[in-house]
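Trainee: got a predicted structure plus its sequence, pasted below:
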Amino acid sequence: MKTLYTLIPLAPLFAAIAAGFFGKKLGRTNSHRVTIAGVAIAFVLSLVAFKHVVMDGAPVFNETLYTWMVSGGIRFEIGFLVDNLTVLMMLVVTFVSLMVHIYTIGYMDEDPGYERFFSYISLFTFAMLMLVMSNNFLQLFFGWEAVGLVSYLLIGFWFKKETAIFANMKAFLVNRVGDFGFLLGIAGIVYYTNSLSYVDAFAAGDAIAGQSMNILGKMEWSAITVICICLFIGAMGKSAQVPLHVWLPDSMEGPTPISALIHAATMVTAGIFMVARMSPLFELSETALSFILIIGSITALFMGLIGIVQNDIKRVVAYSTLSQLGYMTVALGVSAYSAAIFHLMTHAFFKALLFLAAGSVIIALHHEQDMRKMGGLRKYMPITYWTSLIGSLALIGFPGLSGFFSKDIIIESVHKSTIAGSTFAYWSVLAGVFITAFYSFRMFFMVFHGETRMDKHTAEHCHEPPGVVTMPLILLAIPSVLIGALTVSAVVFGDYFDGVITVAAAHDVIGALGETYHGVWGFVKHAFATPPVYLAAAGVITAWVFYLLAPSIPAMLHKRLGFLHRLLENKYGFDDFNQFLFGAGSIGLGRTLWKVGDQTLIDGAMVNGSAKGVGLFAHVARYVQSGYLYHYAFAMILGLLAMLTWFLFN
C-alpha cells in the first residue's frame with residue numbers, strides 16, 4: 001500500500017508541474033486534461049484507500065518514506081499516517097478539487113492565464129494531501145506553508161488588479177502571525193520530546209502536562225496549555241478565526257473556482273483538521289479548550305452578522321464560511337472532535353456548491369457580483385436555481401439534509417458541555433442559526449426571485465452556463481442532500497474514530513448524546529422538539545418578508561439603525577485597526593527607522609561621520625609633517641624622554 005499512498009499526492013503534483021512548466025506547449029485543452037487526470041487518479045486511489053482502511057479494517061499505516069536529515073538526535077522525515085481520519089479528509093479534498101477542476105474549464109475559458117491556473121489548483125490539492133497524510137510535524141508544517149503559498153498565488157492570480165495584490169499580501173501577512181504561534185507550539189513539542197513524530201508527542205502528553213514553564217516573570221504556566229494555545233493560534237490563521245479572520249473575505253479577489261477550493265476543502269479546513277489530529281494533546285488542557293471555545297463562539301456569531309449587510313454575492317458566501325468555521329471550532333472546544341470533522345465534511349460539499357453556483361450566476365451576468373443588480377434569475381437558470389436552493393437549505397440545517405445533522409449535533413454538544421464558556425457558546429451558535437438562515441435566503445431571494453434588476457442587454461443574453469459548469473453543481477448537490485444521513489451514525493455516534501481521536505471521559509459530550517440517539521429518523525423527529533429548526537424557519541420567513549413581501553422594511557431599518565449598519569459594514573473596525581497598526585503603523589515605523597537608522601546612524605555617523613573624522617584627524621596630523629629636520633629631532637627627543645621616565649618610575 002505504500003506505493004498507492006505515495007501516488008495519491010504525487011499524481012496532482014506531477015500534473016501541476018506538467019501544466020506549469022509545459023502548459024504553453026501542451027496547450028489549453030491538454031493542460032486541463034492532465035491536471036484533471038491527476039486529481040481524478042488521486043480521488044480513485046483515495047477510494048481504494050478508504051475501502052482498505054475502513055471497510056477491510058486494515059491496520060493503521062504509519063511509515064517513513066524518506067529521511068531528510070538527522071540533527072541532534074531529531075529525525076526530519078517525510079512519512080504518511082493513513083487512518084480513518086486521513087482517508088475521510090483525502091476523499092473530501094480530492095472529490096471537491098475534482099469538481100472545481102472540471103468547473104474551471106468553463107469559468108476560466110477566456111482567461112489568458114488558463115494553464116497557469118490549472119497548475120496552481122492542482123498544486124493546491126497536492127499541498128493539502130501532504131498536510132492531511134503527514135505523520136510528523138515537519139511534514140505537517142510543509143503542507144501548512146505550501147497551502148499558504150499557493151493560496152497567495154491564487155488570490156493574487158489576476159496580478160494586474162491592485163485589489164487582488166492587496167488581498168493576497170493581506171492573506172500572506174495575517175497567516176504569518178498565526179504561523180509564528182504554530183512554530184512556537186511545534187518548538188515546544190520538540191523541546192519536551194526531542195522528536196517531531198506524532199506518536200512520540202502523543203505518548204509524552206501526560207509527561208508534558210506535568211511540566212510548567214516561565215514566560216514572563218516568575219509566573220508558572222502549564223507547558224501543555226502553552227503548547228496547545230500556540231498550535232491553535234496557527235489554526236486561527238489558517239481557519240480564519242477572530243482576530244486573524246480578516247484575510248478570508250478579501251480572498252474573493254481570486255477567481256471563483258479557487259474561492260470554492262479554499263473555503264470548502266483545502267486551506268481553511270487545515271486548522272480544524274490539525275486540532276482534531278492533536279486531540280490527545282488538547283484533551284490534557286481544559287484552559288486551551290475553553291480558549292478555543294470562546295474564539296469559535298465569537299467567530300460564529302459576529303461574522304454571521306456581517307454577512308447580513310453584504311451585497312457582493314461571493315462575500316455573503318465568504319462570511320458564511322467564517323461563521324461555519326466558528327461552529328467547527330466550537331465543536332473542537334467542547335471536545336466534540338468527531339462532530340467538527342463531520343461538519344467539515346458536510347460543509348465542504350454544500351459550500352463548494354454555493355460558491356460554484358455563485359460563479360455560475362456571475363458568468364451568466366457577465367461578471368456582475370452585486371446582488372442589487374440581479375433578481376428573477378430563476379426562469380433563466382433553472383439548474384443553478386435548484387442546486388443553489390439545495391445548498392442554501394443544507395447550510396441553514398433543513399431537516400434531513402447534510403448540514404442539518406452536523407450543525408444540530410454541534411449545538412446539542414455545546415448544550416451538554418460543562419467547559420468554561422459553554423453557556424456563551426451555546427447562545428452564540430443558537431443565535432447563529434437564525435442569522436445564517438436570514439442572510440442565506442436574503443441572498444437566495446435577491447438573486448433568484450422578485451423583479452429582474454438587470455439591464456436590458458444582460459437580460460437578453462442571460463442563460464444557463466454550459467454543462468461543464470452545471471455538471472459539478474449537480475454532482476455536489478447529491479452529497480449535500482445525502483451524505484449526512486448516510487454517515488452520521490458511523491462517523492459521529494459509531495466507532496469510526498476509535499483509536500484515532502482521543503476524548504477524556506469528563507469531556508465526552510458525543511457519548512452522552514449517543515445514549516439518546518435512535519437512528520437517523522429519530523434524530524430528525526427529535527429536532528422538532530429543539531429551537532434550531534424553528535429559528536432557521538424564522539430566518540427564512542424574515543428574509544422572505546424583508547426582500548420579497550415588503551422590501552421597504554430593510555430601508556426603514558437602515559435609517560433607524562444606521563449606526564449598527566455602519567458597524568457591520570465596517571466589519572467592527574478590524575480592517576481599519578489593522579490598517580492603522582500594520583499599515584500606517586508599519587509605514588511610520590519604517591520612516592522613523594529610515595531617518596534615525598539610515599540617515600542619522602548609518603549615513604550620518606558611520607559613513608559620513610567616519611569620513612569627517614578621518615578628514616579632521618588628517619587636518620591635525622598634517623601639522624606634524626612639517627618637513628623640518630629639527631622638528632623631527634625634537635619629537636624624537638621628547639619620545640625618548642617619555643620612555644626613560646616610564647622605565648625609571650616603574
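Mentor: Everything's here; your move. Everything numeric here is computed off the predicted structure, so don't read it as measured data.
Trainee: tell me the mean pLDDT over stretch 39-52?
Mentor: For stretch 39-52, the mean pLDDT works out to 96.
Trainee: run the chain-centre distance for that stretch.
Mentor: 24 Å (C-alpha atoms, centre = their mean, to the nearest Å).
Trainee: mind listing what's buried along that stretch?
Mentor: For stretch 39-52, the neighbour count (16 or more other C-beta atoms under 10 Å) marks Val39, Ala40, Ile41, Ala42, Phe43, Leu45, Ser46, Ala49, Phe50, His52 as buried. Glycine gets a C-beta too; all of them are placed from N, C-alpha and C.
Trainee: OK, contacts around the first one?
Mentor: Going by C-beta atoms under 8 Å, 6 or more residues apart in numbering, Val39 touches Ala11, Pro12, Ala15, Thr94, Ser97, Leu98, His101, Ser122, Thr125.
Trainee: contact partners for Val330?
Mentor: If a contact means C-beta under 8 Å, 6+ apart, then Val330 has Leu293, Gly296, Ser297, Ala300, Ile410, Val414, Ala425, Ser428, Val429 as its contacts.
Trainee: let me see the mean pLDDT of whichever helix or strand Ile295 is part of.
Mentor: Element membership for Ile295, per DSSP states H and E: helix 286-307. Helix 286-307 shows a mean pLDDT of 95 in the predicted model.
Trainee: stretch 159-178 too?
Mentor: Mean pLDDT, stretch 159-178: 88.
Trainee: once you drop chain neighbours, what's closest to Thr299?
Mentor: Gly326 (3.4 Å; C-beta to C-beta, 6 or more residues apart in numbering).
Trainee: number of nearby residues for the one you found?
Mentor: Gly326 has 29 neighbouring residues, counting by other C-beta atoms under 10 Å.
Trainee: hang on, it packs against Ile294?
Mentor: No - look at Gly326 against Ile294 with C-beta atoms under 8 Å: they stay out of range, at 10.7 Å.
Trainee: circling back: now, which of the buried residues of stretch 39-52 lie within helices?
Mentor: Judged by DSSP state H, the buried residues of stretch 39-52 include Val39, Ala40, Ile41, Ala42, Phe43, Leu45, Ser46, Ala49, Phe50 as members of helices.
Trainee: what about the helices in the stretch 251-400 of the chain?
Mentor: Here the stretch 251-400 of the chain has its helices, by DSSP state H, counting those that start in this stretch, at 256-264, 267-277, 279-282, 286-307, 313-333, 337-364, 382-396.
Trainee: got the ones you listed as JSON lines, with distance to Phe528 columns?
Mentor: Below are the helices of the stretch 251-400 of the chain laid out as JSON lines (distance: least, C-beta to C-beta, whole Å):
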{"stretch": "helix 256-264", "distance to Phe528": "29"}
{"stretch": "helix 267-277", "distance to Phe528": "29"}
{"stretch": "helix 279-282", "distance to Phe528": "32"}
{"stretch": "helix 286-307", "distance to Phe528": "23"}
{"stretch": "helix 313-333", "distance to Phe528": "21"}
{"stretch": "helix 337-364", "distance to Phe528": "20"}
{"stretch": "helix 382-396", "distance to Phe528": "15"}
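Trainee: pick out the shakiest of those, pLDDT-wise.
Mentor: Across these, helix 256-264 gives the lowest mean pLDDT, at a mean of 85.
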